[in-house]
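J.: My questions concern the predicted model and sequence given below.
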Protein chains: 2
Amino acid sequence: MSESPDTRVDMDQTARDDRRANFFRVQKSAGEISIGHLKAACSQCNLRESCLPYGLSEPEITRLDELVGARRRVKRQHHLYRAGDTFEAIYAIRSGFFKTDVLIEDGRDQVTGFQMAGEILGMDGISTETHTCNAVALEDSEVCIIPFAKLEGLSREIEALQHHFHKVMSREIVRDQGVMMLLGTMRAEERLAAFLLNISQRFVARGYSQAEFHLRMTREEIGSYLGLKLETVSRAFSKFQEGGLIAVQQRHIRILDIPGLKTVLDHRGY
Amino acid sequence: MSESPDTRVDMDQTARDDRRANFFRVQKSAGEISIGHLKAACSQCNLRESCLPYGLSEPEITRLDELVGARRRVKRQHHLYRAGDTFEAIYAIRSGFFKTDVLIEDGRDQVTGFQMAGEILGMDGISTETHTCNAVALEDSEVCIIPFAKLEGLSREIEALQHHFHKVMSREIVRDQGVMMLLGTMRAEERLAAFLLNISQRFVARGYSQAEFHLRMTREEIGSYLGLKLETVSRAFSKFQEGGLIAVQQRHIRILDIPGLKTVLDHRGY
DNA sequence: CGCCAACTTGATGGCTGTCAAGTCAGGTGG
DNA sequence: CCACCTGACTTGACAGCCATCAAGTTGGCG
C-alpha cells in the first residue's frame, strides 16, 4: 500500500520552473499524502537513539509523537524541498539517502552534503525562513516531518529536547567545518579517502558493514561534493584499487585496508 | 582603567602547550578579570540590533543583561578559546575582529572564518561540549560572555530569544555552505572577489564605508580561508588593481568598482 | 537487441602551488 | 635620527595537479 499516492510527487522534476506550483505541491504532499496511514511515532522508531529523541525519557518521547505530525515519502530523484521554498519544518530521515545542493546563477552547483537515516535535514531554512539549498532523494526515502514552530514550542518545555536539538545544529556546523578543511587543504586522493572513511563510519553507526557498501550517488555528485571533476574521482578510485586499498565495482565499494586509507590522509604516501 | 589587568591574558601565546594551564587561565580571566568593571549590558549596547537581543522587547533585553555575565578583553594574537577547551559559553563580539581556525595533526590548518562586532563565536562547541576550533583575536577585542546553560534556560522562557538564537545558528550553517561553494567551485580570483564583497557588505552593515577598509588579517590568513596560497592571493590583489577594480596598499583596501567585482564572480571576464 | 547514462582511461593544457629573490613598512636599539 | 632587522608582501620562473577534451567501455532497461 501507499505506493500509488506518491505519483503526485512525480511532478517534482517537471515543476522545476514553477515556483508557486512547487510551493503548492509541497503543502499538498505534506498534508494529504502522508497523514494518517503514515503517522510517525518516535516512540516506536528504531532510530530514536540516533535521531532527535536521543536522551529523552519515555514520557517525553511520547510528547514528541504528537509533534511529529506525519511522514512523507520521497521517491528517488525527487525533491524534499528546493532552494526558495518557504521554511516550515525540518525533516528526520527515517529511511533512504539524500543529497543537498546549492545552485548559483551561472549554472555552477555544488553538493553540500549527503544525509542518511537518522540525520536531520532542513536546518538551513531557519535563518531566513526560506530554504537555501535543494534536498533530493538519491533512493526512495521516507522522512518524518517536524513542524518547526511546534518543535520550538516543545523545546521550551522539555529541556533535554532543547539541548539535543542545539547539539544537532552545532554538529552540522562542525561537519561543515570539516568539509571546508577538506576542500581547502586536501588533494584529490586525500579528499576521496576522507569521504570513503566518513561514509564507512556512518554506515557502521547504523549497524551496517564498515567494509562493504553501495554508494547511492554518481561520480559526478561525489566530485561536486569534493570539489573535483568526475574524471578525477574515477581516477582516484582506480588508483586506490590498484593500491589494494579498496575494491570497486561501479557503485559497490569494498574497503580492504582502512589503515591504508587513513595513511593517505595523514601524509601522502601509501 | 581596565588596561593593566589584561597583562595576565598575555600568557595566551606561551601557554599553547599546556592545556590544563590554559583551562585555568580561561576560567580566571572570565571570573576575575572582567567581572564588575566590565559588566555587560545588552540594554545599553549599540550593537543590540545586530546581535543576540535582536527582536526582543525592552523588558526582555533587561533579562538578557542578567544572563550576559561579563565581558572579556582579548588582545591581538591571543586566543579567546582553543580547540579542545571545554565548552561553557558562547561569545558575542562587542568590538574587534577574530578568526577561527582548525588544525589537523600533520600540521595543515585552515581558517574557517573571520568574525566581527555583533557576531557570535563558539557555537562549534555545543555538539561535543568541547570547542573544535581556535578563536584568535586579530586586533585588540572585547567579547560578551554568554554562559550557554543560562542562555538555554532563558530561551525556554523567552520565545523571541529562542527563535533568534536558532536563526543565528542557522545563519552559521548557511554561511558555511557559501564557503563550501566558494572552495568547491570558484577559481582564485573569483574567491578573492567574493571575499572582498562579503567583507565590504559586513562593514556596511556596521555603518562603515563599503568602499574603503582596513583588513585585519595577513595574506596568508586570507589564503588559508580561501583555500589558496598567499602568493596567489597577492597576485589576485595585483590583478584587481591593474584592472582598476580596487586600490591596494598593504592591508588598506579601497574598492573602486563593485559591479566589476561582481562580474568577476558571475562569469570570468572583467 | 540496442540505447543511454554512468563510468573509465588517455592526452593535453592551464591554473595554482612551489621555490626563490627582492621590496616595503614598522619597530628596535645604538 | 638613522641603521638595522624582521615579518609581511610582491613578483618571477617553473612544475605539478587537476580540468578539459575525447574516445571507448560497462551495465541497466525498454
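T.: Arrived safely. Residues are numbered from 1 along each chain as shown, chains lettered A, B, ... in the order given.
J.: what's the burial count for the nearest residue to residue A:50 once chain neighbours are set aside?
T.: Using Cβ to Cβ, 6 or more residues apart in numbering or on different chains and skipping residues adjacent in sequence, the residue nearest residue A:50 is residue A:118, 4.0 Å away. Every C-beta, even on glycine, is put in place using the N, C-alpha and C of the backbone. In terms of burial, residue A:118 registers 21 neighbours under the definition other Cβ atoms under 10 Å in any protein chain shown.
J.: do the same with the one 3 residues further on
T.: A count of neighbours around residue A:121, defined by other Cβ under 10 Å, yields 22.
J.: The residue nearest to residue A:50 touches residue A:42, doesn't it?
T.: No: the criterion here is Cβ atoms under 8 Å, and residue A:118 misses it with residue A:42 at 11.7 Å.
J.: what sits in contact with each of these two?
T.: Counting by Cβ atoms under 8 Å, 6 or more residues apart in numbering or on different chains, the contacts common to residue A:118 and residue A:42 are residue A:51.
J.: on that earlier part again, could I get the phi/psi values of the residue nearest to residue A:50?
T.: Reported as degrees, to the nearest 10, the phi and psi values for residue A:118 are phi 90, psi -10.
J.: Point me to the residue sitting closest to the centre of chain A.
T.: Centre of chain A computed as the mean C-alpha position; nearest residue by Cα atoms, centre = their mean is residue A:115, 1.8 Å away.
J.: Look up phi and psi at the residue in the stretch 51-200 of chain A that DNA strand D sits nearest to.
T.: Distances from the stretch 51-200 of chain A to DNA strand D, computed as Cβ to the nearest atom of the strand, single out residue A:187 as the nearest residue at 3.1 Å. As for residue A:187, its main-chain torsions (degrees, to the nearest 10) stand at phi -90, psi 170.
J.: What score does it have for pLDDT?
T.: Listed pLDDT for residue A:187 reads 96.
J.: Run through the residues that contact the residue nearest to residue A:50.
T.: So, once contact is read as Cβ under 8 Å, 6+ apart, residue A:118 ends up touching A:47, A:50, A:51, A:92, A:93, A:206.
J.: Among those residues, which has the minimum pLDDT value?
T.: The member of the contacts of residue A:118 with the lowest pLDDT is residue A:50, at 86.
J.: Does it belong to a helix, a strand or coil?
T.: Secondary structure of residue A:50, reduced to three states by DSSP: H, G, I helix; E, B strand; the rest coil: coil.
J.: partners of whatever helix or strand residue A:253 lives in in the sheet?
T.: Element membership of residue A:253, judged by DSSP states H and E, is strand A:252-255. Strand A:252-255 pairs in its sheet with strand A:212-214 (antiparallel), strand A:246-249 (antiparallel), by DSSP bridges.
J.: Tell me which of those sits nearest to DNA strand D.
T.: Taking Cβ to the nearest atom of the strand as the criterion, DNA strand D comes closest to strand A:246-249 out of these, the separation being 6.7 Å.
J.: Please write out the alpha-carbon positions of the closest one in CSV.
T.: This file holds the C-alpha atoms of strand A:246-249, laid out as CSV (Å, rounded to 0.1, in the frame of the first residue of the first chain):
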residue,chain,number,x,y,z
ILE,A,246,39.5,-0.9,-1.9
ALA,A,247,37.7,-3.0,-4.4
VAL,A,248,35.4,-1.0,-6.7
GLN,A,249,32.7,-2.3,-9.0
